[in-house]
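Chemist: I would like the atomic coordinates for the input below:
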Amino acid sequence: MNILLFSWRGPGHPNAGGAEISTHEHAKGWVSAGHNVTLFTANFKGAKNEETLDGINVKRVGSEIFGVQLQAFIWYLFGSHKKFDLVIDQFHGIPFFTPLYIRTKKLAFIHEVTKEVWKFNSWPTPFNLLPALFGPLFEPFIFKLIYSRIPFITVSDSTKQDLTLWGVPPKNITIVHNGIDQPRKKKLPPKEKNKTLIYLGVLSKDKGIEDAIKVFATVNRAQKGWQFWVVGRSELKYLDYLKKKVKDLGISKKVKFWGHVSEKKKYKLLAKAHVLINPSIREGWGLVVIEAAAMGTPTVAFDVPGLRDSILNGKTGIIDKQHSVNSLASELMDLLSNYSRYQRMRVEAVKWSKKFSWKQSILESLDFINKIIEPY
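Modeler: So this is what the prediction gives:
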């Protein structure tokens, strides 16, 4: 097949996260299965306009917000390109509205609906008020009016439930969980001498990094001997804000900002840390949760969509149903004060992680796209 994939962010984008990793892994798998894949995505500073990555033809045009959607429309209708057998429309707040202008077979790929995350958008003030006010109003109607007859692929039961509430028939929704690249390990390294909390992911308000810092500050006031590792990319201005926040809370000597690290370093840090913290506002799944679990590191998180799917509460981590900084801090301290409970949770986390692999996920997505195309 010739497959066209529309996505707002692609490989190498400075703000790319778990959804973009997932998209790339599936696309790589489809190429390995003999399909031709073209990824149409947003451009960014320093990126090539066109290149081939892992066999995927990557075309970058326009900005990630609105620009790439408009450019996709113009390019598909008026540009020069091959005939495609399947077009995949990836949602991330704003979709590509392909049912309005594409007549070939289509598939919608979504990790999570946006809902409350709209108010945490990164638009400059006062323009950020537009998506904050109108996003939650118009998002449900996009699904009901434009995508109700389109097959969906998503990564969790939480997102399936949201889609169903917004008018997408359950029979049109297929769940394919994200996988991970299981690291090759003979034996996990010992944990740090000091109790170590780790945050892994893009540093942004909707991902909960500010709450993570507050949780650590609360723990640090109550107990001695803790440290906090913050791992992930951030815009420079926001990073300066976070470092000032850490300084104002008096925990600068206990917090280390690692920035973006290699895959090898990422898994090493996850293995040596005691607990991953993920106080995100909303997730589709929570890829970092499974990566941490593979390293024998449980996760503490708020009870939100996605994280309640990737964490087995009380077995592979803790879901805080009170959704408060103090409660999450208390759960964290209680966990590490009970050695036998913590060790049991580590074992269960590793067992849970082994259920997920990109090989299995790609087999499932291949089977799904083949069924969509079969009538032809």
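Chemist: in stretch 249-268, what counts as buried?
Modeler: Going by neighbour count (16 or more other CB atoms under 10 Å), the buried part of stretch 249-268 is 249, 251, 254-255, 257, 266-267. Every residue, glycine included, has its C-beta placed from N, CA and C.
Chemist: residues contacting the lengthiest helix in the chain, please?
Modeler: Longest helix in the chain by number of residues (criterion: DSSP state H): helix 129-146. For helix 129-146, the surrounding residues in contact (CB atoms under 8 Å, 6 or more residues apart in numbering) are 93, 95, 97, 99-100, 113-116, 118-119, 121, 123, 163, 166-168.
Chemist: just the buried ones from the residues you listed?
Modeler: By 16+ other CB under 10 Å, the contacts of helix 129-146 give 93, 95, 97, 99, 113-115, 118-119, 121, 163, 166, 168 as buried.
Chemist: check those and tell me the two furthest apart.
Modeler: 99 and 119 (27.4 Å; CB to CB).
Chemist: so for the helix or strand containing residue 174, what gets flagged as buried?
Modeler: Counting by DSSP states H and E, the element that carries residue 174 is strand 173-175. Neighbour-count burial for strand 173-175 flags 173-174 (criterion: 16+ other CB under 10 Å).
Chemist: partners of whatever helix or strand comes next after it, with directions?
Modeler: As assigned by DSSP H and E, the chain's next helix or strand after strand 173-175 is strand 195-200. Strand pairing for strand 195-200, using DSSP bridges, gives strand 226-231 (parallel), strand 275-278 (parallel).
Chemist: which SSE is immediately downstream of strand 195-200?
Modeler: Sequence order places helix 209-222 as the next helix or strand after strand 195-200, per DSSP H and E.
Chemist: let me see the mean pLDDT of that next one.
Modeler: Model confidence over helix 209-222, given as mean pLDDT, is 98.
Chemist: distance from stretch 118-128 to the middle of the chain?
Modeler: Distance of stretch 118-128 from its chain centroid, counting by CA atoms, centre = their mean, to the nearest Å, is 20 Å.
Chemist: tell me the mean pLDDT for it?
Modeler: Averaged across stretch 118-128, pLDDT comes to 84.
Chemist: neighbouring contacts of that stretch?
Modeler: For stretch 118-128, the external contacting residues (CB under 8 Å, 6+ apart) are 65, 93, 130-132, 135-136, 139, 204-206, 235, 281.
Chemist: from those residues, keep the buried residues only.
Modeler: Neighbour counting over the contacts of stretch 118-128 (16+ other CB under 10 Å) leaves 65, 93, 131-132, 135, 139, 204, 206, 281 as the buried ones.
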